[in-house]
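Asker: Here you go, sequence then predicted model.
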Amino acid sequence: MTEPKLKHVHLEHEGLEMFLGKIEAAVLVTLWEYGPLSSNKLQKYLLPTGDWAWQTIATTCERLTVKGYVQHDRKRAIFIPAFDTEDKFIDFCICRILTSLNNYYPTSLQDAIAAKGLY
């Protein structure tokens, strides 16, 4: 499995959309809810939430695969979430953010944590 990547955080968005686009978030939530699925099954489950074409969903799944958020089992033609639950994905995102901040701004991070009484 590829090491997952977290490149951007969009603080102006809510929930998973802070870390993912709308369709990426919808795909991951659907995979967590229903388990490994093909692009066709994903489209079936996603139709009520958005009018996305099969190709858009397939491209999104490939993009999530490159990011390391899903695995593509080409033999069975299904996509499998790399994180078992949304909570595990959010834990990963938080750890990546804190690690990055600690690597570049260790004193500022420690001061902010101390100021908030988080340790």
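Answerer: Cool, got the structure.

Asker: counting residues per helix, which one in this structure is longest?
Answerer: Secondary structure of the chain read by DSSP state H shows that its longest helix is helix 86-104.

Asker: Helix or strand: which one has Ile80?
Answerer: Using DSSP states H and E, Ile80 sits within strand 78-81.

Asker: Based on its surroundings, how many neighbours for Arg74?
Answerer: If you count neighbours by other CB atoms under 10 Å, Arg74 ends up with 7. (C-beta placed from N, C-alpha, C; glycine too.)

Asker: which ones are touching the closest residue to Gly15 other than its chain neighbours?
Answerer: Nearest non-adjacent residue to Gly15, counting by CB to CB, 6 or more residues apart in numbering: Ala25, 7.1 Å away. Under the criterion of CB atoms under 8 Å, 6 or more residues apart in numbering, the neighbours of Ala25 are Gly15, Leu16, Glu17.

Asker: Can you get me the centre-to-centre distance for the helix or strand hosting Asp111 and its chain?
Answerer: Element membership of Asp111, judged by DSSP H and E, is helix 106-115. Distance of helix 106-115 from the chain centroid (CA atoms, centre = their mean, to the nearest Å) equals 27 Å.

Asker: go on, stretch 108-117?
Answerer: Distance, centroid of stretch 108-117 to centroid of chain: 27 Å (CA atoms, centre = their mean).

Asker: cool, and stretch 7-20?
Answerer: 10 Å.

Asker: mind starting the numbering at 14 from now?
Answerer: Noted, 14 is the first residue going forward, which turns the last one into stretch 20-33.
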